[in-house]
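> A structural model of the following input is requested.
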Amino acid sequence: MSKSRKALVLGVTAALALTVAACGSDNKSGEGAGSLTIALTSSPSATALEALAKDFEKETGIKVSVVQLTYDQISTKILLAAGQPDAAYDVVQFDSPMYPALVSGEALADLSGHVKGSDKYDYADFPDQVQQYAMFGEDIKSIPLSTEPYVLWSNSDLLAASGLEPADTLDEYVANAKAFTEAGAYGSDNAFGAQESAYYWLQAVYMFGGQITKPGTCESALDSPEVEAATKFYFDMQATTPAMTLNGGGNEMTSAFIQGDVGQMVNATGYWSIVADPDQSNIPESFVMTLPPAGDNGRHTLVFGWLIGITANSAAQDQAWQFLEFALGKDSMDKLIELGAPPPARTSLVTSPNAQEAIPYVDLLVEASSYGAHLPYTPVMNEIITEVSAAISAAATDGSGADGFLPKAREMVASILSDADVCL
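Reported below is the predicted structural model:
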């Protein structure tokens with residue numbers, strides 16, 4: 001699963017500029033360009049795209065060069081390259097928290113014409129929420145590479161031992177946590193670490209029907225009964241959470257869950273490849289994934305996942321779209337999945353025998369995505385995640401819990417948002 005990091009900082013060194021310039025592909029003048037450079041970041045999605053690039057090259061004769069960027073380099077290098085007269089990259093993989101910086105830096109091309117005019121890509125095959133995840137306001141500056149909604153994971157052996165079913169509501173989640181604990185297991189698996197726990201607290205906020213900002217504004221929405229209830233719920237779960245998760249995030253939650261003594265967690269679907277792997281997991285066949293628990297205001301979840309786009313200064317945008325269409329078109333999903341990539345949540349996957357066999361949770365993936373929302377696309381979101389995660393960790397460590405955390409979080413988020421000029 002992808003994670004948030006701070007994106008662009010000013011004062012990039014001259015050495016980095018030379019490095020980016022050296023990555024540029026040649027022979028890109030005009031429509032007859034015969035080469036592409038794609039910038040990828042280590043992930044199952046990137047591994048699959050690199051394999052597909054070789055197939056694309058054989059089929060089209062267009063040479064494809066792959067440049068590997070570390071997660072922390074993505075925004076900096078793409079934005080720096082956007083200022084070069086010749087494109088260093090044509091196709092770029094990035095994470096959703098980086099989206100605002102890349103758009104404001106004019107690094108991404110508008111794909112609306114390509115996306116909506118392509119029968120091969122079939123934009124209508126995506127649920128509205130997944131379309132919204134890849135858009136920046138009304139602009140289509142990217143397309144989904146993977147889709148990873150948060151869902152409920154339950155240990156089926158522990159459920160059976162206690163005579164329980166996976167929680168369908170938040171009240172049932174609390175009741176199941178109590179039952180698991182009484183049976184000698186951990187009742188829940190929540191992140192309280194200083195790096196990324198804010199994502200999981202915000203998942204609780206959205207599950208309860210709250211939001212971080214008021215729709216269409218950069219005004220904080222944390223002063224609501226839903227947020228207060230979500231925060232109490234979240235910190236109440238601390239007492240039933242494994243020790244390794246108290247200082248961690250999604251990876252640590254998953255590590256605890258696969259030990260086999262955790263009853264339930266809410267986490268991204270992208271962790272399936274770890275939980276179902278007998279070489280890594282103690283419970284490869286003893287877990288069940290279901291929709292996130294519903295609250296009084298209905299069922300809600302957050303959607304994350306990799307995005308991919310074309311750079312604004314690429315001289316080979318048509319060829320770049322040809323590659324994306326080849327790799328991520330509707331009929332390319334079987335190959336993408338075969339190569340081990342978590343797919344974007346296309347509705348057609350639920351009728352694909354290959355997808356059903358390779359990804360047992362594919363129906364859930366598509367359905368959960370239809371309940372999903374993305375965190376606001378704002379340049380200050382990384383700062384919010386960093387500061388709020390630190391505050392969650394502090395409140396969990398000093399025992400002040402929800403009462404100690406929420407007033408600070410409200411003040412902190414309101415202050416950070418006051419510097420934002422876009423929150424979409």
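
> list the contacts of A396.
With contact set as CB atoms under 8 Å, 6 or more residues apart in numbering, A396 has these partners: 192, 235, 238, 246. The C-beta positions use only the backbone N, C-alpha and C, and glycine is treated the same way.

> the last one is in contact with D189, isn't it?
The reference is to L246. No. Here L246 does not reach D189: they are 10.5 Å apart, not a contact under CB atoms under 8 Å.

> same drill for the two, tell me which one is more crowded.
D189 (27 against 18; other CB atoms under 10 Å).

> can you show me the helices along the stretch 301-424 of the chain?
Assigned by DSSP state H, counting those that start in this stretch, the helices in the stretch 301-424 of the chain fall at 317-328, 333-338, 353-358, 362-370, 381-398, 401-417.

> would you turn those helices into JSON lines with distance to I62?
Formatted as JSON lines, those follow (distance: least, CB to CB, whole Å):
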{"stretch": "helix 317-328", "distance to I62": "6"}
{"stretch": "helix 333-338", "distance to I62": "18"}
{"stretch": "helix 353-358", "distance to I62": "27"}
{"stretch": "helix 362-370", "distance to I62": "31"}
{"stretch": "helix 381-398", "distance to I62": "35"}
{"stretch": "helix 401-417", "distance to I62": "44"}
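
> mind checking pLDDT for the residue positioned nearest the centre of the chain?
By CA atoms, centre = their mean, the mean C-alpha position of the chain lies nearest to F304, the distance being 2.4 Å. The score at F304 is 96. That number is its pLDDT.

> in the stretch 151-300 of the chain, which spans are helices?
Under the criterion DSSP H, counting those that start in this stretch, the stretch 151-300 of the chain contains helices at 156-162, 170-182, 197-207, 225-236, 243-246, 250-257, 272-275.

> and those: which comes nearest A294?
Closest to A294 of the helices of the stretch 151-300 of the chain, according to CB to CB: helix 170-182, at 7.0 Å.

> and stretch 226-243, what's its mean pLDDT?
98.

> go on, stretch 190-206?
Stretch 190-206 comes out at a mean pLDDT of 97.

> what about it, start to end distance?
Distance between the two ends of stretch 190-206: 15 Å, counting by CA to CA, to the nearest Å.

> so for it, what gets flagged as buried?
Going by neighbour count (16 or more other CB atoms under 10 Å), the buried part of stretch 190-206 is 190-206.

> how about the residue nearest to the centre of the chain: what's its closest non-neighbour residue?
Beyond its immediate neighbours in the sequence, the residue positioned closest to F304 (CB to CB, 6 or more residues apart in numbering) is E148, lying 4.9 Å away.

> do the same with E387
M412 (5.4 Å).

> so what's the one you found up against?
Contacts of M412 (CB under 8 Å, 6+ apart): 384, 387-388, 391.

> list buried residues within those residues.
Neighbour-count burial (16+ other CB under 10 Å) is assigned, among the contacts of M412, to 384, 387-388, 391.

> turn those into TSV, columns for pLDDT and distance to M98.
Listed next are the buried ones among the contacts of M412 as TSV, based on pLDDT from 0 to 100; distance: CB to CB, whole Å:
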residue	pLDDT	distance to M98
I384	97	14
E387	98	18
V388	98	18
A391	98	23
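
> next, the residue nearest to F304: phi, psi?
Main-chain dihedrals, E148, degrees, to the nearest 10: phi -140, psi 80.

> surely it touches W272?
No. Counting by CB under 8 Å, E148 does not reach W272; the two are 9.5 Å apart.

> so what sits against both of the two?
P342.

> more neighbours, those two?
The neighbour comparison of E148 against W272 (other CB under 10 Å) goes to E148, with 25 against 22.

> and the pLDDT at the more buried one?
Confidence score, pLDDT, at E148: 96.

> I416 reaches I384, doesn't it?
Yes. Counting by CB under 8 Å, I384 is a contact partner of I416 at 5.4 Å.

> quick one, what contacts T301?
Contacts of T301 by CB under 8 Å, 6+ apart are 149-151, 203, 206-207, 291-292, 368, 371-373.

> if you set the cut-off to 6 Å instead, what comes out?
With contact set as CB atoms under 6 Å, 6 or more residues apart in numbering, T301 has these partners: 149-150, 292, 368, 371-372.

> export those as CSV, with columns for distance to A358.
Compiled in CSV, the contacts of T301 are given as follows (distance: CB to CB, whole Å):
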residue, distance to A358
P149, 18
Y150, 22
P292, 23
A368, 18
Y371, 23
G372, 22
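
> got those residues as TSV, with distance to K120 and neighbour count columns?
Formatted as TSV, these follow (distance: CB to CB, whole Å; neighbours: other CB atoms under 10 Å):
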residue	distance to K120	neighbour count
P149	26	29
Y150	31	27
P292	33	26
A368	26	27
Y371	28	22
G372	25	26
